[in-house]
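Novice: predicted model and sequence follow; I will ask about them next.
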Amino acid sequence: MAKQFFGGSLLLLAVFLLSFSMGSANTSRSSAANDQTAVLVGAGDIADCKDLSGAEATAKLLDQTQGTVMAVGDLAYPDGSKENFQCYDKTWGRAKSRTRPAPGNHEFHAAGATPYFDYFGAAAGDPKTGYYSYELGTWHIIVLNSECVDVGGCESGSPQEKWLRADLAAHPAACTLAYWHKPLFSSGGAHGNDPTVKPLFQALYEANADVVVNGHDHDYERFAPQTPDGAADPARGIREFVAGTGGKNHRPFGDPKPNSELRDATAFGVLKLTLKPKGYDWQFIPEAGKSFTDSGSGKCH
């Protein structure tokens, strides 16, 4: 009887240890997957010294959202001056330590965008160029400078385009995202498409990049995956978001461009991208009191 009890106890112990081991393995796999997931959140067209209410509304959204902050150009109105960046600092400055910015045209109202580079320091890249890249989770992130005249052009063979192609070749990640200020595609009535950045979009497309985020037009717009020529390409096209919703003001849309899937010019807000090893989720988070939102998922090429 004692032997049966002892043998049964050993069997129960073995079953328990096996179950614990399998549970631990599953937990480890789950933890590893979570460790590889990263969040990128932000917008462009942010702090206007004449009225900081919009920038404060979106800064509160950042307060509630963990992750790396993308500040997608035109951060400090009207002229990107040292004094204007004090207005940015009062709002989005609360997230400065986790922000990776891109310059916009208003930054270059100040010669060489010097106050912008002084404010962000090394986080803004080389002040002579303003473009750089970094890793986030399993993704490769590229930040470009759409003030092409100020950095020697954006055309094929320009210093920035050659740097971009070299950077893409050196970082053959499964998932790649780029952000800069002026969009190649936009239905915004104030600016619309900006063909000067097409060679940059072309280089990204040829390298199988997945997502591009821009600002400039003061609205939110999501495009279906497309080629640099604007043809729908669900297999390997780049999905572009315009998120010029950081707080400056809203502007009306013009006629919708091809492949535009969703547009809004009523709510300030931030675009949250949850970056996973093989794909991404997107969510537009509106300011308090506004109902517009957007969400979805995509797979890396």
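Specialist: That came through, no problem.
Novice: return the residues in contact with A173.
Specialist: E135, T138, W139, H140 (Cβ atoms under 8 Å, 6 or more residues apart in numbering). No exception for glycine: its C-beta is placed from N, CA and C like everyone else's.
Novice: which of those residues fall in strands?
Specialist: Among these, DSSP state E puts E135, W139, H140 in strands.
Novice: got TSV for these, with distance to H191, neighbour count and pLDDT too?
Specialist: As requested, the ones in strands among the contacts of A173 are exported to TSV (distance: Cβ to Cβ, whole Å; neighbours: other Cβ atoms under 10 Å; pLDDT from 0 to 100):
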residue	distance to H191	neighbour count	pLDDT
E135	31	11	97
W139	28	24	98
H140	28	23	98
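Novice: tabulate the residues you listed (JSON lines), appending distance to G189.
Specialist: Converted to JSON lines, the ones in strands among the contacts of A173 look like this (distance: Cβ to Cβ, whole Å):
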{"residue": "E135", "distance to G189": "37"}
{"residue": "W139", "distance to G189": "32"}
{"residue": "H140", "distance to G189": "34"}
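Novice: which single one of the residues you listed is nearest to L62?
Specialist: Lowest distance from L62 to these (Cβ to Cβ) belongs to W139, with 19.7 Å.
Novice: beta-bridge partners for that closest one, please?
Specialist: Note on W139: beta-bridge partners by DSSP bridges are L136, C175.
Novice: roughly how far apart are it and Y116?
Specialist: Using Cβ to Cβ, to the nearest Å, we find W139 at a distance of 25 Å from Y116.
Novice: where does this protein dip in pLDDT?
Specialist: Of all residues in the chain, those with pLDDT under 70 make up the ranges 1-34.
Novice: how about the helices in it?
Specialist: Assigned by DSSP state H, the helices in the chain fall at 2-36, 53-63, 82-91, 114-120, 159-170, 198-206.
Novice: T266 reaches F292, doesn't it?
Specialist: Yes: using Cβ atoms under 8 Å, T266 is in contact with F292, at 5.8 Å.
Novice: what sits in contact with each of the two?
Specialist: Counting by Cβ under 8 Å, 6+ apart, T266 and F292 have no common neighbour.
Novice: how about the nearest residue to H106 once chain neighbours are set aside, phi and psi?
Specialist: Excluding the flanking residues, the one nearest H106 by Cβ to Cβ, 6 or more residues apart in numbering is D74, at 4.5 Å. Here is the backbone geometry of D74 (degrees, to the nearest 10): phi 50, psi 60.
Novice: what about D74, distance to G104?
Specialist: Counting by Cβ to Cβ, the gap from D74 to G104 is 4 Å.
Novice: about what we covered before: now, among the ones in strands among the contacts of A173, which is nearest to R165?
Specialist: The nearest one, if we look at the ones in strands among the contacts of A173 relative to R165 and count by Cβ to Cβ, is H140, at 13.6 Å.
Novice: so the closest one makes contact with H171?
Specialist: Yes: with contact defined as Cβ under 8 Å, H140 counts as touching H171 (4.4 Å).
Novice: which residues do these two both contact?
Specialist: Shared contacts of H140 and H171 (Cβ under 8 Å, 6+ apart): S133.
Novice: ok, back up a step: D74 and G104: who's more crowded?
Specialist: Using other Cβ atoms under 10 Å, the more surrounded residue of D74 and G104 is G104, with 31 against 28.
Novice: so how far is T274 from the more buried one?
Specialist: 25 Å.
Novice: now G130
Specialist: In terms of Cβ to Cβ, G130 sits 27 Å off from T274.
Novice: ok, the two, which is more surrounded?
Specialist: Counted by other Cβ under 10 Å, G130 and T274 do not tie: G130 has more neighbours, with 27 against 17.
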